[in-house]
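> Let's see this in three dimensions:
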Amino acid sequence: MELMKFDINGDYIVRGTAANETVRAFAVRSTEMTAVARERHHTFPVITAALGRLLSAGAMMGAMMKGEKDKLTLLMKGDGPAGQITVTADSHGNVKGFADNPSVTVPDKYPGKMDVGAAVGRGTLTVIMDLGLKEPYNGQVEIQTGEIGDDLAYYFTVSEQTPSAVGLGVMVDTDTSVRHSGGFIIQVMPDASEETIEALEKRVSSSEPVTAMMEKGMSPEAILEHFLGDMGLVISEKHPVRFHCDCSKEKVAGVLSTIQKSDLQDIIDDGEEIEVKCHFCNTAYNFSIEELRDMI
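As a prediction, the model looks like this:
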């Protein structure tokens with residue numbers, strides 16, 4: 001496993017507890033991660049925002065996993081023009097993802113506010129966790145708004161019976177570059193007091209968007225401090241996150257070798273090398289006729 005160097009000015013995630021460990025919380029800065037995704041997939045602004053939000057969520061949910069080889073997959077499959085948005089993450093801060101249709105435009109909700117919900121549409125949110133057991137955990141809920149944060153909060157509450165507040169945001173500049181990207185997840189444990197729950201509900205409902213906090217220069221720690229500072233917040237973990245795909249030509253060749261030999265022979269008979277792109281990072285791999293013959 002390649003270890004990432006920690007850069008306080010780069011992307012990173014913090015994890016903490018509050019109110020005598022009856023509340024757990026995560027916050028992430030994912031600006032560079034979302035920028036890399038935009039560059040790899042040439043996403044239009046509203047898809048940059050949608051994919052960036054789901055990447056942030058994947059990073060934080062990945063941090064909830066314990067095992068070295070644990071894997072998380074998030075699937076937002078709506079009937080909007082974005083098609084399915086897919087994100088996978090591990091417990092080490094490596095996240096990758098893509099949208100079926102990166103070149104989408106929809107009217108803004110209002111000037112300066114992209115309508116991510118319209119791009120995503122209605123459908124299902126699926127969460128798959130491969131924790132090294134016989135079968136992966138699979139949870140699914142109906143998409144509530146398509147804004148992604150609301151839908152994940154609904155998933156946590158309904159599927160995992162963990163009342164949660166989820167804030168996700170991406171700010172895209174006028175030149176379509178990523179100015180800010182990040183988010184938070186705050187979860188209430190079963191033994192939390194009514195007073196704690198009410199205080200959190202009030203703060204979350206009256207809080208400004210994540211990107212507005214980041215525009216003020218607030219770090220992930222400061223975001224958690226904003227919500228939980230007077231509840232005995234303890235930051236227990238901090239580590240970097242990044243957009244990282246572990247694809248390789250060898251892995252792609254392994255997939256190619258599983259298709260029917262007759263189909264491979266048809267490609268060979270065409271007499272031209274083929275190019276195969278990784279869905280997650282858009283890296284192109286070329287295979288010569290000789291390489292294809294070796295697979296047969």
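> And the most centrally placed residue in the chain, what's its pLDDT?
By CA atoms, centre = their mean, the mean C-alpha position of the chain lies nearest to Leu55, the distance being 1.9 Å. At Leu55, the model reports a pLDDT of 98.
> now Ala284
92.
> for Arg122, same thing?
Arg122 is given a pLDDT of 97.
> what about it, how many neighbours?
Arg122 has 14 neighbours, counted by other CB atoms under 10 Å. The C-beta positions use only the backbone N, C-alpha and C, and glycine is treated the same way.
> ok, now the one 3 residues further on?
Here the number of neighbours of Leu125 (other CB under 10 Å) works out to 25.
> for the host helix or strand of the residue nearest to the centre of the chain, the distance to its chain's centre please.
Taking DSSP states H and E as the definition, Leu55 sits inside helix 45-63. Centroid separation between helix 45-63 and its chain, computed with CA atoms, centre = their mean, to the nearest Å, is 3 Å.
> which residues touch the following helix or strand past it?
Using DSSP H and E, the next helix or strand after helix 45-63 towards the C-terminus is strand 71-78. Strand 71-78 has contacts (CB atoms under 8 Å, 6 or more residues apart in numbering) with 50, 54, 57-58, 61-62, 65, 82-90, 97, 120-130, 143, 146, 148, 151.
> Pull out the CA atoms of strand 71-78 and give them to me as PDB.
This file holds the C-alpha atoms of strand 71-78, laid out as PDB (Å, rounded to 0.1, in the frame of the first residue of the first chain):
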ATOM      1  CA  LYS A  71     -13.800  -1.200  -0.100                       C
ATOM      2  CA  LEU A  72     -16.800   1.100  -0.400                       C
ATOM      3  CA  THR A  73     -18.900   1.700  -3.500                       C
ATOM      4  CA  LEU A  74     -21.500   4.500  -3.900                       C
ATOM      5  CA  LEU A  75     -24.000   4.400  -6.900                       C
ATOM      6  CA  MET A  76     -26.300   7.300  -7.600                       C
ATOM      7  CA  LYS A  77     -28.600   6.000 -10.300                       C
ATOM      8  CA  GLY A  78     -31.100   8.600 -11.200                       C
END
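> re earlier: thought the residue nearest to the centre of the chain was touching Ala37?
Yes - using CB atoms under 8 Å, Leu55 is in contact with Ala37, at 6.2 Å.
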